[in-house]
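Enquirer: Please find the sequence and the predicted model below.
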Amino acid sequence: MSQYPQEKIKPYNEDESKVVQVEKMFDTIAPAYDNLNHMLSLGIDKSWRKKAINRLRPFHPQHMMDVATGTGDFAIQACRILQPQELIGTDISEGMMNVGREKVKREKLDRQISFAKEDCTALSFSDNRFDAITVAFGIRNFENLDQGLKEMYRVLVPGGHLVILELSEPEWFPMKQLYALYSKIVIPTLGKLFSKDKSAYTYLPESIKAFPQGEVMQKIIRKAGFSQVEFKRLTMGTCTLYFATK
């Protein structure tokens, strides 16, 4: 049973489960995803990723998992900066990870970065497996947010860290009003034009709008067992960075 509004929002129809539809959606848009993503964020997404990765720098994580890794942008950037022994990118979409695998080969990072198809609500890894877990722009797609957070908590070592980056809605004038127009008109129009999947980029702003933000999300992360949960709004509230410790 859905606990949060975004869990009820699906890309295509009401009949299939959200997880099935999200997998199908990302398999479809995978070839256009990277270019469209950078275009829609005006390239600012790269600086958001760097800020998230820098939160982990003082801890020198050696065994990392990047959940909802998609085409591996965050994994690649994290590997370059943090130099872990291993970084496993997990996702439900083989289409997205196949793009990621090619990028990792080109970057000659395939000894450190690997990919695995995983359901984030039932990870196949043992307890206390990773010392850092990251999720960039994917947690709002979880079919069961509470269960996904509990699984990430389970596979983290005690003292390990969770970093979440997620798109969010600005709260203040005039950014709130400008963002509303951008998400209602620009995102679906460009999405349909470049990805040939209008539903995917109508789903995107709807899922952002429904996703719990700030203090509400902070409480949800704490409920999964995490302590010292902090958050910071970036670029006038269009993105939020969460940092938590097991």
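Expert: Received, thanks. Just so it is clear, the structure is predicted and the values come from calculations on it, not from any experiment.
Enquirer: pull the helix or strand with minimum mean pLDDT from the protein.
Expert: For the chain, counting by mean pLDDT, DSSP states H and E, helix 187-195 ranks last in confidence among helices and strands (a mean of 85).
Enquirer: Show residues contacting the biggest helix by length in the chain.
Expert: The helix spanning the most residues in the chain, taking DSSP state H as the definition, is helix 18-40. Under the criterion Cβ atoms under 8 Å, 6 or more residues apart in numbering, residues 7, 9-13, 45-46, 70-71, 73, 91-96, 98-99, 119, 141, 143, 186-187, 190-191, 194-197, 199-200, 203 lie in contact with helix 18-40. (Glycine included, C-beta is placed from N, CA and C.)
Enquirer: Without its sequence neighbours, what residue ends up closest to V99?
Expert: In this structure, V99 finds its nearest non-sequential neighbour in T71, 4.3 Å apart by Cβ to Cβ, 6 or more residues apart in numbering.
Enquirer: what's the one you found sitting at in phi/psi?
Expert: Main-chain dihedrals, T71, degrees, to the nearest 10: phi -90, psi 10.
Enquirer: these two touch, right, C120 and G148?
Expert: Yes - contact between C120 and G148 holds when scored by Cβ atoms under 8 Å: they sit 4.5 Å apart.
Enquirer: So for the two, which residues contact both of them?
Expert: Between them, C120 and G148 have V67, F142 as joint contacts when contacts are counted by Cβ under 8 Å, 6+ apart.
Enquirer: Local confidence estimate at L167?
Expert: The predicted local confidence for L167 comes out at a pLDDT of 93.
Enquirer: And M39, how far from K18?
Expert: For M39, the distance to K18 equals 26 Å [Cβ to Cβ, to the nearest Å].
Enquirer: relative to helix 18-40, how tilted is the strand of greatest length in the chain?
Expert: Longest strand in the chain by number of residues (criterion: DSSP state E): strand 156-167. Angle, strand 156-167 to helix 18-40, by axes from the mean of the first three to the mean of the last three Cα atoms, to 10 degrees: 60 degrees.
Enquirer: Partner strands of strand 156-167, with direction?
Expert: Sheet pairing of strand 156-167 (DSSP bridges) gives strand 130-136 (parallel), strand 239-245 (antiparallel).
Enquirer: And the contacts of it?
Expert: 48-49, 52-53, 55-56, 59, 61, 74, 128-137, 139-140, 152-153, 208, 211, 217, 221, 226, 238-246.
Enquirer: Narrow those to those that are buried.
Expert: 48-49, 52-53, 55-56, 61, 74, 129-137, 139-140, 152-153, 208, 211, 217, 221, 226, 238-244, 246 (16 or more other Cβ atoms under 10 Å).
Enquirer: For the longest strand of the chain, list every residue counted as buried.
Expert: L156, G160, H161, L162, V163, I164, L165, E166, L167.
Enquirer: how much space between the third one and A244?
Expert: Shown here: H161 relative to A244, a distance of 7 Å by Cβ to Cβ.
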